[in-house]
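Chemist: Below: sequence and its predicted model.
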Amino acid sequence: MTRTQKIILLLIAVFSLTVLVVTAVNLTTKNAIPAKNLRKADPSYESILKKSKKDGTPSNIYTSLGSLRCITADAVTVIISPYFSYQKEDIAFFEELSSKNKKLQQITIQYVKTHTYN
């Protein structure tokens with residue numbers, strides 16, 4: 001090996017070691033939070049139900065659409081969990097949502113396709 005190759009190899013080793021040490025220190029001291037800003041938190045179902053109780057309108061939440069993997073107009077993949085809030089007494093609305101579950105999933109995916117990530 002030439003002297004130049006040895007210097008380059010030494011610089012690569014020092015850089016790699018520095019990255020490893022800084023990463024290890026940040027993870028052990030809890031300064032680094034991996035994937036912290038990758039997902040915005042949705043309001044919990046409990047908070048929605050509490051809010052409806054404060055309003056005096058008893059409601060339920062239809063969550064059977066599940067998690068949907070959608071691709072936006074600018075080719076960004078997003079995973080969403082759509083839900084519907086409805087009045088507890090409105091059994092007909094619940095049954096209609098249940099009967100059109102697959103169609104609602106398709107409509108939601110098509111809707112997301114027409115919008116960009118932002």
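Modeler: That came through fine.

Chemist: those helices in this structure, which residues are they?
Modeler: 3-28, 45-55, 91-99, 101-113 (DSSP state H).

Chemist: I would like the residues contacting stretch 49-68, please.
Modeler: Stretch 49-68 has contacts (Cβ atoms under 8 Å, 6 or more residues apart in numbering) with 45, 48, 79-89, 94, 97-98, 101, 104-105, 108-109, 112. Bear in mind the C-beta positions are built from the backbone N, C-alpha and C, glycine included.

Chemist: Show me which positions of it end up buried.
Modeler: 52, 59-60, 62, 65, 68 (16 or more other Cβ atoms under 10 Å).

Chemist: Repeat that for stretch 99-106.
Modeler: Across stretch 99-106, burial judged by 16+ other Cβ under 10 Å covers 104-105.

Chemist: From residue 52, how far out is residue 107?
Modeler: 25 Å (Cβ to Cβ, to the nearest Å).

Chemist: thinking again about what came up before, so how do I select the buried members of the contacts of stretch 49-68 in PyMOL?
Modeler: The PyMOL selection below is limited to those of these classed as buried (16+ other Cβ under 10 Å):
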select buried, resi 48+82+83+86+94+97+104+105+112
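
Chemist: related to what we said a few turns ago, among the buried residues of stretch 49-68, which lie within strands?
Modeler: The members of these that map onto strands under DSSP state E are 59-60, 62, 68.

Chemist: Work out the gap between stretch 76-83 and the centre of the chain.
Modeler: Distance of stretch 76-83 from the chain centroid (Cα atoms, centre = their mean, to the nearest Å) equals 7 Å.

Chemist: what's the first-to-last distance across it?
Modeler: Terminal residues of stretch 76-83 are spaced 21 Å apart (Cα to Cα, to the nearest Å).

Chemist: repeat for stretch 30-43
Modeler: End residues of stretch 30-43 are separated by 26 Å (Cα to Cα).

Chemist: Now do it, average pLDDT.
Modeler: Stretch 30-43 carries an average pLDDT of 69.

Chemist: And residue 89, how far from residue 45?
Modeler: Residue 89 is 19 Å from residue 45, by Cβ to Cβ.

Chemist: Ok, residue 4 next?
Modeler: From residue 4 to residue 45 the distance is 63 Å (Cβ to Cβ).
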